[in-house]
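Fold the following, please.
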Amino acid sequence: MTPKVERTLAWFSANLDALLLGAAVAAGLVVVMLILRGIGARISAADPDCTTWKSVIGRVLAKTTLAFMIFAAIDVVTTFAEPPPRVGRLFDILFIIAAAAQGAIWARELILGVIGRRVREDAETTLGNAFSLIRVLVSVALFAIAIIVILDNLGVNVTALVAGLGIGGIAIGLAAQGIFSDLFAALAILFDKPFRRGDTIRFDQTTGTVERIGLKTTRLRAITGQQVVMANTKLLEREIHNLAEGHSRRATITFGLVYHTDPDLLATVPEVAESAVCARAGCTFVRCAVTAFGPSSLDHELIYDSGSLDPDVNADDRAAIMMRLLREFAARGMEFAYPTQTTYTAAPDGTLVMPYAAPQAKG
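Take a look at the predicted model:
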């Protein structure tokens with residue numbers, strides 16, 4: 001028997017108890033990981049589209065590799081026993097490689113599962129097609145980090161490599177700055193959900209319905225009929241009013257009455273306005289009051305809420321309320337004002353000649 005074999009047998013004899021304990025712990029760890037992988041595979045198979053967080057976690061667990069289990073078990077055994085330095089170092093290297101690769105796989109599946117879930121929720125065809133590009137970018141980034149971690153643990157000086165990758169990344173980022181900024185803006189829209197496809201939004205002087213949220217641009221159909229194309233980054237920089245998220249629409253109708261309207265009739269204006277609003281189903285009266293002494297009118301403001309979010313219904317409500325106001329004011333002899341100038345003349349004795357009939361004294 002050679003000396004090497006004798007030393008090996010002596011080591012096994014000295015570390016038999018530690019090896020058995022380590023093997024038991026390693027076997028238990030492998031069994032637990034196999035059970036978790038099986039559970040994850042069943043969850044993932046039941047919901048392949050990853051519509052819930054449970055299915056995303058299941059997808060991550062299902063990607064646990066057998067190589068990682070084996071090297072993790074060996075690392076546990078070597079932790080309990082004390083193998084020769086070279087053998088221990090070899091197993092440490094193998095475990096580092098397996099752990100780094102497995103970590104990259106888990107992270108990739110988690111990130112892609114979350115992004116894919118958002119993409120499928122919004123059913124955006126353009127972003128769905130771009131998902132393959134996102135998959136490549138995420139995979140390259142994560143496995144590049146895994147390789148750097150492996151080399152660093154093997155004692156390789158990765159400073160120059162990291163610096164080179166950083167310079168290359170900066171160059172690529174500067175060259176494709178606009179594309180990447182719009183891509184991340186599109187992902188921000190998916191995750192933060194300031195609006196969705198089909199919502200009516202308003203920004204600056206534009207109001208339209210979102211037709212598509214693309215990789216670089218968002219396309220809207222303006223209320224005037226034309227298509228509006230806006231870069232995702234530029235769109236998110238604006239103040240966006242999502243008209244689809246409200247429960248009602250608040251509307252304002254301004255009108256003016258002539259100055260010689262009887263004050264007693266003016267006091268009935270809020271009552272008339274309220275009856276005009278309440279006569280329209282789904283509309284709620286808020287207030288109606290005199291707001292200013294205008295140049296040629298007593299300015300009033302009528303505010304009400306329309307219960308529908310449909311702009312056509314809102315337009316019908318507004319028209320019906322205005323027509324009822326016209327009829328009610330005409331029945332009461334109240335006149336709407338329009339921009340006028342009144343000229344006063346004087347009689348030979350110096351008294352003013354009024355341009356309208358003097359109000360009759362009440363009996």
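
Flag the shaky bits of the protein, pLDDT-wise.
For the chain, the stretches with pLDDT under 70 are 1-15, 49, 51, 118-133, 161, 164-180, 342, 355-363.

quick check: longest helix of it.
helix 85-122 (DSSP state H).

in that one, what counts as buried?
91-92, 95-102, 104-113, 115-119 (16 or more other Cβ atoms under 10 Å). Using the backbone N, CA and C atoms, a C-beta is placed for each residue, glycine as well.

What of stretch 330-345?
Across stretch 330-345, burial judged by 16+ other Cβ under 10 Å covers Met334, Ala337.

Show me what the longest helix of the chain packs onto, helices and strands only.
helix 53-62, helix 66-80, helix 125-153, helix 177-192 (3 or more Cβ pairs under 8 Å, 6 or more residues apart in numbering; DSSP states H and E).

any chance of those in TSV, plus distance to Asp349?
Formatted as TSV, the helices and strands packed on helix 85-122 follow (distance: least, Cβ to Cβ, whole Å):
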stretch	distance to Asp349
helix 53-62	92
helix 66-80	112
helix 125-153	84
helix 177-192	77
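
Of these, which is nearest Val313?
Of all those, helix 177-192 sits nearest to Val313, with 28.1 Å by Cβ to Cβ.

circling back to that earlier point, would you mind giving the helices and strands packed on helix 85-122 as CSV with mean neighbour count and distance to Val162 added?
Formatted as CSV, these follow (neighbours: other Cβ atoms under 10 Å; distance: least, Cβ to Cβ, whole Å):
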stretch, mean neighbour count, distance to Val162
helix 53-62, 19, 27
helix 66-80, 18, 25
helix 125-153, 15, 6
helix 177-192, 16, 21
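
thought Val138 was touching Leu110?
No: Val138 lies out of contact with Leu110 (Cβ atoms under 8 Å); the separation is 9.9 Å.

For Leu19, see how far away Glu82 is.
Distance, Glu82 to Leu19, by Cβ to Cβ, to the nearest Å: 10 Å.

what does Phe329 give?
With distances taken as Cβ to Cβ, Phe329 is found 100 Å from Leu19.

Name the residues of stretch 252-265 that are buried.
Within stretch 252-265, judged by 16+ other Cβ under 10 Å, the buried ones are Ile253, Phe255, Gly256, Leu257, Thr261.

Next: stretch 303-312.
Those would be Ile303, Tyr304, Asp305, Ser306, for stretch 303-312 by 16+ other Cβ under 10 Å.

and what of stretch 214-226?
Within stretch 214-226, the residues that count as buried by 16+ other Cβ under 10 Å are Gly214, Leu215, Lys216, Thr217, Thr218, Arg219, Leu220.

on that earlier part again, can you add secondary structure and distance to Val272 and give the buried residues of stretch 252-265 back as a markdown table?
Written out in a markdown table, the entries for the buried residues of stretch 252-265 read as follows (DSSP: H, G, I helix; E, B strand; the rest coil; distance: Cβ to Cβ, whole Å):
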| residue | secondary structure | distance to Val272 |
| --- | --- | --- |
| Ile253 | strand | 12 |
| Phe255 | strand | 11 |
| Gly256 | strand | 15 |
| Leu257 | strand | 11 |
| Thr261 | coil | 12 |
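
between these, which is nearest Asp204?
Distance to Asp204, by Cβ to Cβ, is smallest for Ile253 among the buried residues of stretch 252-265, at 24.8 Å.

Surely Arg238 is in contact with Asp204?
Yes: when contacts are counted by Cβ under 8 Å, Arg238 is listed as touching Asp204 (6.2 Å).

Between the two, tell me which one has more neighbours.
Comparing Arg238 with Asp204 by other Cβ atoms under 10 Å, the one with more neighbours is Arg238, at 13 against 9.

now the strands: where do they sit in the stretch 201-350 of the chain?
Under the criterion DSSP state E, counting those that start in this stretch, the stretch 201-350 of the chain carries strands at the ranges 206-213, 217-222, 227-231, 241-242, 249-257, 283-293, 298-306, 345-346.

Out of these, which is closest to Arg86?
Arg86 lies closest, by Cβ to Cβ, to one member of the strands of the stretch 201-350 of the chain: strand 206-213, at 57.2 Å.

Name the residues that touch the closest one?
Outside strand 206-213, the residues within contact range by Cβ atoms under 8 Å, 6 or more residues apart in numbering are 122, 124-127, 186, 189-190, 195-201, 218-223, 227-228, 232, 243.

same thing but 10 Å
For strand 206-213, contacts defined as Cβ atoms under 10 Å, 6 or more residues apart in numbering pick out 122, 124-127, 185-186, 189-190, 195-202, 218-230, 232, 235, 238, 241-244, 311.

go on, stretch 220-233?
178, 180-189, 195, 199-204, 206-219, 235-238, 311.

circling back: can you give me how far the longest helix of the chain is from the chain middle?
Chain-centre distance of helix 85-122: 28 Å, with Cα atoms, centre = their mean, to the nearest Å.

Phe329 and Leu19: who's more crowded?
Phe329 (21 against 17).

Find the nearest non-adjacent residue to Val228, please.
The shortest distance from Val228 to any non-neighbouring residue, by Cβ to Cβ, 6 or more residues apart in numbering, is to Leu220 (4.5 Å).

How much space separates that neighbour from Arg332?
The gap separating Leu220 from Arg332 is 45 Å, by Cβ to Cβ.

next one: Ala18
Going from Ala18 to Arg332 by Cβ to Cβ gives 103 Å.

again, but for Phe195
For Phe195, the distance to Arg332 equals 45 Å [Cβ to Cβ].

same question, Arg59
Arg59 sits 71 Å away from Arg332, going by Cβ to Cβ.
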